[in-house]
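Chemist: the following block contains a protein sequence and its predicted model.
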Amino acid sequence: MRKVSRLSRFNIASLALGLAFLYLPILILVIYSFNASRLVTVWGGWSLRWYHEFFNDRAMIEAAWMSLRVAVSSATIATLLGTLAAVALSRGERFRGRTLFSGMLYAPLVMPEVITGLSLLLLFVALNAERGFWTVTIAHTTLTMCFVAVVVQSRLGSLDRSLEEAAMDLGCDPVRAFVAVTLPLIAPAIVAGWMLAFTLSLDDLVIASFTTGPGSAPLPIRIYSEVRLGVKPEINAICTLVIALIAVVIVIASLASKLTSSQGESAAPL
């Protein structure tokens, strides 16, 4: 019988320090978003003043709405294209140009964002495209598609292909077998890829600064321009709302992943 190893005091202390290092600054930010004082370093009591200031700041609301639309659009497009690319790489075996295709697909993983942003800027200028919502969406899709492909391809690599073969033996064509058997099984990875793409797009500053135009600045650019003049308590409120939004997305994605996973497992034996 295998013995269950217990955590030592050193391991517990290391874990506590690591979690504190990651989450204590976020906790402090959330607490100070309810600070009544105008000075971010002086506590003046509990108040919702800065949330009221944020919802009355038209420019900041427009930047937040711009970031949300870009994140949802780019994450959805990147999830679709990244899933198709992952299926092609995992099911296409050794087709001609596979190495070149995979190299071009995964290049943004290791490419500095400054180079990616500058190259996309030169492309949009050469095409005489007006920079705004769609240029930022295309840029974020280019950035996040490779992350989706990695997540989905890893799931496809661990999948038992005999399930698809059994479905085809029972009369399904390859497309129907993929939709009925494989897609429900890889749905958690697709949801995780979408969530990762959404978060990366919502957080991006460097690439968006190259591809955005006047009057269409996303929230990170707007926050950065405000912080350069000094941190305002309103920024704490905005960041707290972003944290809450990401937490809601994570909860919804986790529930959707569990639901699709249970449906896929119940459908697999059929």
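Modeler: Good, I have the coordinates. Residues are numbered from 1 along each chain as shown.
Chemist: burial check on Thr116, number of neighbours?
Modeler: 19 (other CB atoms under 10 Å). C-beta coordinates here come from the backbone N, C-alpha and C atoms, glycine included.
Chemist: which element is it on?
Modeler: In the assignment (DSSP states H and E), Thr116 maps to helix 113-126.
Chemist: now do the following helix or strand past that helix and helix 113-126, the angle between them.
Modeler: Of the helices and strands lying after helix 113-126 in sequence (DSSP H and E), the nearest is helix 133-157. Angle of helix 133-157 versus helix 113-126, following axes from the mean of the first three to the mean of the last three CA atoms, to 10 degrees, is 130 degrees.
Chemist: list the buried residues in helix 133-157.
Modeler: Neighbour counts over helix 133-157 (16 or more other CB atoms under 10 Å) mark 133, 135-153, 155-156 as buried.
Chemist: what's the closest non-adjacent residue to Arg91?
Modeler: Leu156 (7.4 Å; CB to CB, 6 or more residues apart in numbering).
Chemist: now swap in Arg155 and tell me
Modeler: Computed as CB to CB, 6+ apart, the closest residue to Arg155 that is not its neighbour in sequence is Ala189, at 3.6 Å.
Chemist: how much space between the one you found and Leu159?
Modeler: Per CB to CB, to the nearest Å, Ala189 is found 10 Å from Leu159.
Chemist: what residues of the host helix or strand of Val87 count as buried?
Modeler: Remark: Val87 resides in helix 58-91, with elements defined by DSSP H and E. For helix 58-91, the neighbour count (16+ other CB under 10 Å) marks 60, 63-64, 66-68, 70-75, 77-79, 81-83, 85-90 as buried.
Chemist: ditto for stretch 210-227
Modeler: Using 16+ other CB under 10 Å as the test for burial, stretch 210-227 gives Phe210, Thr211, Thr212, Ser216, Ala217, Pro218, Leu219, Pro220, Ile221, Arg222, Ile223, Glu226.
Chemist: dump the residues you listed to CSV, plus pLDDT and secondary structure.
Modeler: Below are the buried residues of stretch 210-227 laid out as CSV (pLDDT from 0 to 100; DSSP: H, G, I helix; E, B strand; the rest coil):
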residue, pLDDT, secondary structure
Phe210, 92, helix
Thr211, 91, helix
Thr212, 90, coil
Ser216, 81, coil
Ala217, 85, coil
Pro218, 90, coil
Leu219, 88, helix
Pro220, 89, helix
Ile221, 89, helix
Arg222, 88, helix
Ile223, 86, helix
Glu226, 81, helix
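Chemist: for the closest residue to Met66 other than its chain neighbours, what are its contacts?
Modeler: In space, and not counting its chain neighbours, Met66 is closest to Pro218: 5.2 Å by CB to CB, 6+ apart. With contacts defined as CB atoms under 8 Å, 6 or more residues apart in numbering, Pro218 is in contact with Ala63, Met66, Ser67, Val70, Val136, Asp204, Ala208, Thr212.
Chemist: likewise for Thr137?
Modeler: Val70, Ser73, Ser74, Ile77.
Chemist: for the closest residue to the second one other than its chain neighbours, give its distance to Ile61.
Modeler: Once flanking residues are discounted, Ser73 sits nearest to Thr137: 4.9 Å by CB to CB, 6+ apart. Plainly put, Thr137 is 20 Å away from Ile61 if you go by CB to CB.
Chemist: cool, Met111 as well?
Modeler: 33 Å.
Chemist: and Ala189 and Leu159? Which one has more around it.
Modeler: Set Ala189 next to Leu159 and count neighbours by other CB under 10 Å: Ala189 wins out with 24 against 16.
Chemist: where do the helices sit along the stretch 151-270 of the chain?
Modeler: With helices called from DSSP state H, counting those that start in this stretch, the stretch 151-270 of the chain shows them at 162-169, 174-177, 183-203, 206-211, 219-227, 233-267.
Chemist: which members of the contacts of Pro218 are the farthest-apart pair?
Modeler: Spanning the widest gap among those are Ala63 and Asp204, at 13.4 Å by CB to CB.
Chemist: burial of Leu183, as a residue count?
Modeler: Neighbour count for Leu183, taken as other CB under 10 Å: 15.
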